[in-house]
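Undergrad: based on what follows, work out the 3D shape:
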Amino acid sequence: MKNVNELREHLSNIFQQLQNKSISTNEAAELANLAGKMIASAKVQIEYYSLRKESPVINFLKSEDK
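TA: Numbering: from 1, shown residues only. Here you go, the predicted structure:
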């Protein structure tokens, strides 16, 4: 995933696969857990820069809405 929009799109595809029963609930849960960790790491980065009173450019969060 290059950015949060790609992550969101990927999670949407996983949701569709789960609905179609082409992916197990355990596999979907693991993928969702990993996605949460990616988001949490970006949040930590934002908090770090906030404490330093800096404005970061976080490529993962920088994306164009379609």
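
Undergrad: make it CA atoms for all contacts and neighbour counts henceforth
TA: Fine.

Undergrad: can you give me the helices for this protein?
TA: Along the chain, counting by DSSP state H, helices occupy 4-19, 25-51.

Undergrad: I'd like the ones you listed laid out as JSON lines, including distance to Ile58.
TA: Below are the helices of the chain laid out as JSON lines (distance: least, Cα to Cα, whole Å):
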{"stretch": "helix 4-19", "distance to Ile58": "10"}
{"stretch": "helix 25-51", "distance to Ile58": "8"}
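
Undergrad: identify whichever of the ones you listed lies nearest to Leu61.
TA: Closest to Leu61 of those is helix 4-19 (Cα to Cα; 5.6 Å).

Undergrad: packing partners of the closest one?
TA: helix 25-51 (3 or more Cα pairs under 8 Å, 6 or more residues apart in numbering; DSSP states H and E).

Undergrad: the helix it packs on packs against which elements?
TA: Packing partners of helix 25-51 (3+ Cα pairs under 8 Å, 6+ apart): helix 4-19.

Undergrad: now the helix it packs on: buried residues?
TA: By neighbour count on 16 or more other Cα atoms under 10 Å, the buried set for helix 4-19 is 4-5, 7, 11, 14-15, 18.
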